[in-house]
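A.B. asks: Here you go, sequence then predicted model.
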Amino acid sequence: MTDDIVIRNRARQIEWYGEPLHDRFRRLLDRLRLPQSALAEVLGLSAPMLSQLMSGQRAKISNPAVVSRLMAVESMVAEPGFAALSADEVRERLDQVRSQNTTPSYLSVPTAQRSSPAARSADPVAGIQALLRGLASAAEIEDAARLIEAHHPDLATMLRVYGNGRTAEARAHFARVMEDS
């Protein structure tokens with residue numbers, strides 16, 4: 001694999017995921033104190049695939065369920081009480097993520113119930129990001145945003161923030177929108 005391909009793949013990862021996957025995975029590995037093979041198992045990837053994504057030999061996570069699990073693990077380690085969890089509690093939580101249905105939970109809720117308090121508590125930001133990123137590349141999302149920006153600027157912003165932005169930006173946007181509605 002040439003250095004040019006790795007450089008291109010890492011640039012694509014930044015475009016699609018907000019940063020190189022190596023950085024995202026490394027943070028989780030360090031925080032969870034797991035070997036790559038264990039994290040790969042939680043996410044539903046083979047260990048070689050995780051390694052290829054981290055090294056830039058591959059650019060994209062092609063399975064939306066894997067992206068959803070990645071976001072679930074990232075959310076878990078970002079929780080304020082995470083450091084206080086015992087090793088057994090962390091293992092139990094990781095087992096829950098590992099066994100997640102391949103359909104993100106926000107999609108398995110009937111349409112009429114998606115606005116219920118229980119459905120809202122399921123992490124809608126991660127769900128929206130997983131859905132958009134599973135449907136289109138960052139370049140495609142940006143193209144769509146450009147096409148609708150003149151007539152629908154708020155929708156264009158939403159596509160950019162949730163489809164191409166960092167999770168922290170999406171969460172801040174979501175909080176502002178929910179506050180205003």
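C.D. replies: That came through fine.
A.B. asks: in which helix or strand would I find residue 69?
C.D. replies: helix 64-78 (DSSP states H and E).
A.B. asks: Tell me the helices and strands packed up against that helix.
C.D. replies: Under the contact definition 3 or more CB pairs under 8 Å, 6 or more residues apart in numbering; DSSP states H and E, helix 64-78 sits against helix 21-32, helix 36-43, helix 87-98, helix 124-135. In this view, the C-beta of every residue, glycine as well, is placed from N, C-alpha and C.
A.B. asks: Please state the offset of the first one from the chain centre?
C.D. replies: Same thing as helix 21-32. In terms of CA atoms, centre = their mean, to the nearest Å, the centre of helix 21-32 is set 13 Å apart from its chain centre.
A.B. asks: Could you tell me how many residues sit around residue 88?
C.D. replies: Applying other CB atoms under 10 Å, we find 8 residues neighbouring residue 88.
A.B. asks: quick one on the thing from earlier: how about residues contacting the helix holding residue 69?
C.D. replies: 24, 27-28, 31-32, 39, 42-45, 61, 82, 93-94, 97-98, 100, 102-104, 123, 126-127, 129-131, 133-134, 167 (CB atoms under 8 Å, 6 or more residues apart in numbering).
A.B. asks: Kindly present the helices and strands packed on helix 64-78 as a markdown table, with separate columns for mean pLDDT and distance to residue 147.
C.D. replies: Shown next, in a markdown table, are these (pLDDT from 0 to 100; distance: least, CB to CB, whole Å):
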| stretch | mean pLDDT | distance to residue 147 |
| --- | --- | --- |
| helix 21-32 | 95 | 28 |
| helix 36-43 | 95 | 33 |
| helix 87-98 | 93 | 36 |
| helix 124-135 | 82 | 15 |
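A.B. asks: is it possible to export the ones you listed to CSV including distance to residue 4?
C.D. replies: Output for those, formatted as CSV (distance: least, CB to CB, whole Å):
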stretch, distance to residue 4
helix 21-32, 17
helix 36-43, 25
helix 87-98, 35
helix 124-135, 25
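A.B. asks: what helices or strands is whichever strand or helix holds residue 162 leaning on?
C.D. replies: Using DSSP H and E, residue 162 maps to helix 153-164. Applying 3+ CB pairs under 8 Å, 6+ apart, we find helix 153-164 packed against helix 124-135, helix 138-148, helix 167-180.
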